[in-house]
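Asker: Task: produce atomic coordinates for the following.
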Amino acid sequence: MDAGAHTIAYHLTKRHGAAPSVATIWRILSRRGFVTPQPQKRPRSSFVRFEAAMPNERWQADITHWRLGGGTEVEILNVIDDHSRFLVASDARATTKAADVVASFHRAVAAHGFPASLLSDNGAVFTAAPRGGRCAIEIELDSLGISYRHSSPYHPQTCGKVERFHQTLKRWLARQEAAASVRELQVKLDRFGSYYNGVRPHRAIGRRTPAEAFAARPKATPRLPGFVVPTHFRVRRDKVDITGTITLRHNSRLHHIGLGRRLFGTRVLVLVADLDVRVLSEDGELIRRLTLDPARDYQPHARS
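Answerer: Numbering: from 1, shown residues only. Below is the predicted model of the structure:
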């Protein structure tokens, strides 16, 4: 993968109980041309950084770009835990839209729990403040009681941990056979995520793996008013049919939700929390919110 002298020493010790010194390993790597000098790096002693005290105290989210084998540029949304550097989400898409950020967030939550806060830059899918409004993820986090912060404009160091992860991921991807499609790229991201979280020791967290650091301490939870954990939550995608409806299964029964014929062909994101149902457009606009009536097959759309 991307093993340096410290990482090689870690794995040798773990496997054999002993290893040459890091300096010896580094000299061997240098003699064989495996070390690229980086004189431009600042000394680590000059860094002043914030680190969350608990897992899930803060997640960092950011989007980076990558090219497929044919030259098509795609986007990768990465989300890491600030305390442990644990990768909670890494999703490739042709273009990441506002609803995609919400979908990735909820998939990460389903696997790893709710964070107390989220930090991102000021990209359009992360904030609508410059447009005088709020985007989908801002509305979602507010409803969940999750604190949301944005980095200062033109100051990527604020989101430095996820920015650093982008570099690590891209170095690894550059050594792999180029993915021909978004789906192939996602397979590679999943493979690297498993290695990064569970195998690769991280210097910034005492040479533990992110998975070890993430599991080592109690996890923070949202603290703002409004946080209610639903007993059942799921996220699904659908497309509005010619009758202006989408379908949703609840307790093995299929229900039809009316959205209006004018939306025929529109792709939507459906967020289901117990009986509370929200339907969003791909751009994050709330199309409809309703409380599902389990006794009715068709959930009519109220006309204004």
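
Asker: Show me the shaky parts of the stretch 101-250 of the chain.
Answerer: 152-158, 226-231 (pLDDT under 70).

Asker: Could you check the pLDDT of Ser304?
Answerer: Confidence at Ser304, expressed as pLDDT, is 48.

Asker: same thing with Phe34?
Answerer: 64.

Asker: Pop the domain breakdown of this protein in here.
Answerer: Under automatic domain parsing, the residue ranges defining each domain of the chain are 5-44, 49-215, 233-299.

Asker: now those domains in CSV, with mean neighbour count?
Answerer: Quick note: C-beta positions are derived from backbone N, CA and C, even for glycine. Output for the domains of the chain, formatted as CSV (neighbours: other CB atoms under 10 Å):
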stretch, mean neighbour count
domain 5-44, 12
domain 49-215, 18
domain 233-299, 15
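
Asker: So which of the ones you listed is nearest Pro225?
Answerer: The closest approach between Pro225 and any of the domains of the chain, judged by CB to CB, belongs to domain 49-215 at 5.8 Å.

Asker: Reformat the domains of the chain as a markdown table; add distance to Leu224.
Answerer: Listed next are the domains of the chain as a markdown table, based on distance: least, CB to CB, whole Å:
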| stretch | distance to Leu224 |
| --- | --- |
| domain 5-44 | 35 |
| domain 49-215 | 4 |
| domain 233-299 | 17 |
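
Asker: Thr221: which of those domains is closest?
Answerer: Using CB to CB, the nearest of the domains of the chain to Thr221 is domain 49-215, at 6.0 Å.

Asker: one step back: identify whichever of the domains of the chain lies nearest to Arg223.
Answerer: Nearest of the domains of the chain (CB to CB): domain 49-215, 5.8 Å.

Asker: which residues of the stretch 51-200 of the chain fall in strands?
Answerer: 59-67, 73-81, 87-93, 117-120, 147-150 (DSSP state E, counting those that start in this stretch).

Asker: So which residues make contact with stretch 206-216?
Answerer: Outside stretch 206-216, the residues within contact range by CB atoms under 8 Å, 6 or more residues apart in numbering are 6, 10, 55, 80-81, 83-87, 112, 196-202, 205.

Asker: picking that back up, any chance of the strands of the stretch 51-200 of the chain in JSON lines, plus distance to Arg107?
Answerer: Shown next, in JSON lines, are the strands of the stretch 51-200 of the chain (distance: least, CB to CB, whole Å):
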{"stretch": "strand 59-67", "distance to Arg107": "13"}
{"stretch": "strand 73-81", "distance to Arg107": "10"}
{"stretch": "strand 87-93", "distance to Arg107": "7"}
{"stretch": "strand 117-120", "distance to Arg107": "14"}
{"stretch": "strand 147-150", "distance to Arg107": "18"}
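
Asker: Show me the one of those strands that comes nearest Thr266.
Answerer: strand 87-93 (17.8 Å).

Asker: Identify the residues contacting Arg58.
Answerer: 52, 81-83, 115-119 are the contacts of Arg58 under CB under 8 Å, 6+ apart.

Asker: please redo it, this time with the cut-off set to 6 Å
Answerer: 52, 82, 117, 119 (CB atoms under 6 Å, 6 or more residues apart in numbering).

Asker: go on, Gly193?
Answerer: Gly193 makes contact with 87, 90, according to CB under 6 Å, 6+ apart.
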